[in-house]
Every structure is written in C-alpha cells, then in structure tokens.
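Asks: Sequence unavailable; structure follows:
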Ligand SMILES: Nc1nc2c(ncn2[C@@H]2O[C@H](COP(=O)(O)OP(=O)(O)OP(=O)(O)O)[C@@H](O)[C@H]2O)c(=O)[nH]1
Ligand SMILES: [Zn+2]
C-alpha cells in the first residue's frame, strides 16, 4: 500500500488547515500532527488501492448451495461529504452460484473493508459490496445490510447522536421473497 498515497502532500494540507483554524502548527503538541494525520489518512483510504477481484480470487469448493451469512462485521468508513467517520456494522449473505465457488469467511469481512476504506456514502458502500459478490464470486444471490451512525449527523450539523441509517442491497435469487425473508431473519439474530 505504501507509495500509493502522497504523504507529503497530506502533511502540507494538514499544516494549512491548522493555520486556517487559528492554531500554531509549530507548537510542541502539534509538531508531529501533520505526519500522524497523513499516516492515518493512508489507512482510512487504503481501500482505494485494493482490488476486490484479487481478494475474492481465493475460493474453494464446499458442498453447500444454501445461504451463507456473516453478520455484525464492524466497519469504519469516511463520509465523502464531510470527511468525518461513519461507523457501524455490515451483515452480508450470499447463495453460492452454480460453479459452487465459496470464499473464506474472513474475505467477506475484508471485502467490507475494501469499500469502507474509501471516501463513501452509505448507499454506495452497500451496493458495491453486493455487486462485488455477484461479479467476482459468481454468486446466485447476495444481500448486504449496513447499519451505521454518521458523525456528520452527530457531532455537527443537525446534531442527532444515535440516529442510525440502515441501507440494503439485494441481488439475484435473494430477491425472491422467501429466501430474502430467511436471510433477513438470520441477519437480525433469529439464530441467536
Ligand atoms: N444519502 C446520504 N447522505 C449522506 C451520507 N453521509 C452524509 N450525508 C448527507 O449529505 C448531506 C450533505 O448536505 P449539504 O447540504 O450539501 O451539506 P451540509 O450543509 O453540511 O448539510 P448538513 O449536514 O445538513 O449540515 C447531509 O444531509 C448529510 O447528512 C450518506 O452516506 N448517504
Ligand atoms: Zn457527512
């Protein structure tokens, strides 16, 4: 990942922001801040330099042609409107396709991260995850639900801490009402 992000440029920009808000970027506590922020941004936006196709290329055959659900995958993303975090959980599920390709469970969580670690809106994050499952894992159906709190709505602006935004994306055979209902009930904790 190193080398894809221009750390010097971020540092210079952060120094400018500190000056613009009326701070002294040369005081003791702030002297290393531009470099720290640059490294943090490299991490926040690492998904811009990762390929979902490569991630989902690791597959194996398991004799299972029914729902696979992973729920409560914690995510931290960055709102592209205000560059502040939104955070919450993703629940995702898929029906293996005719090729029978199944991926490792951790890859599903990594897939969430690839799209979360970009400047985002929640709707796009949700549909990109579902589309990647269809395109790169060749699934018969996919469902993704994201529940998140946006700090741009909590710490500023309308100031409604605790408000949750819920988005979903459903593809292929999971559009079928019965399968979708089964997936939704497993995601909401019916198996607990
Ligand atoms: N649909 C959607 N909207 C988002 C998301 N993240 C932030 N927003 C909204 O983007 C909108 C940007 O509105 P603007 O009027 O351009 O910006 P603003 O003046 O900062 O708006 P306020 O947040 O209302 O103060 C706000 O309503 C945010 O709540 C997201 O993931 N999806
Ligand atoms: Zn925002």
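Replies: Yes, it's here. Source: prediction; values computed, not measured. Ligands and ions are numbered 1, 2, ... in the order given.
Asks: contacting residues for the residue nearest to the spatial centre of the chain?
Replies: Nearest to the mean C-alpha position of the chain, counting by Cα atoms, centre = their mean, stands residue 116 at 2.5 Å. For residue 116, the residues meeting the contact criterion (Cβ atoms under 8 Å, 6 or more residues apart in numbering) are 47, 75-77, 90, 125. For glycine as for every other residue, the C-beta is placed from the backbone atoms N, C-alpha and C.
Asks: Residue 166 too?
Replies: 145-147.
Asks: so which of those is the most crowded?
Replies: If you count neighbours using other Cβ atoms under 10 Å, the busiest of the contacts of residue 166 is residue 146, which has 27 neighbours.
Asks: So which elements touch the helix ranked longest in the chain?
Replies: Scanning the chain for the helix with the most residues, using DSSP state H, yields helix 122-137. Helix 122-137 is packed against helix 52-55, strand 85-95, helix 105-116, strand 141-150, strand 165-172, with contacts defined by 3 or more Cβ pairs under 8 Å, 6 or more residues apart in numbering; DSSP states H and E.
Asks: Point out the one among those that comes closest to residue 41.
Replies: In terms of Cβ to Cβ, the element of those nearest to residue 41 is strand 85-95, at 12.2 Å.
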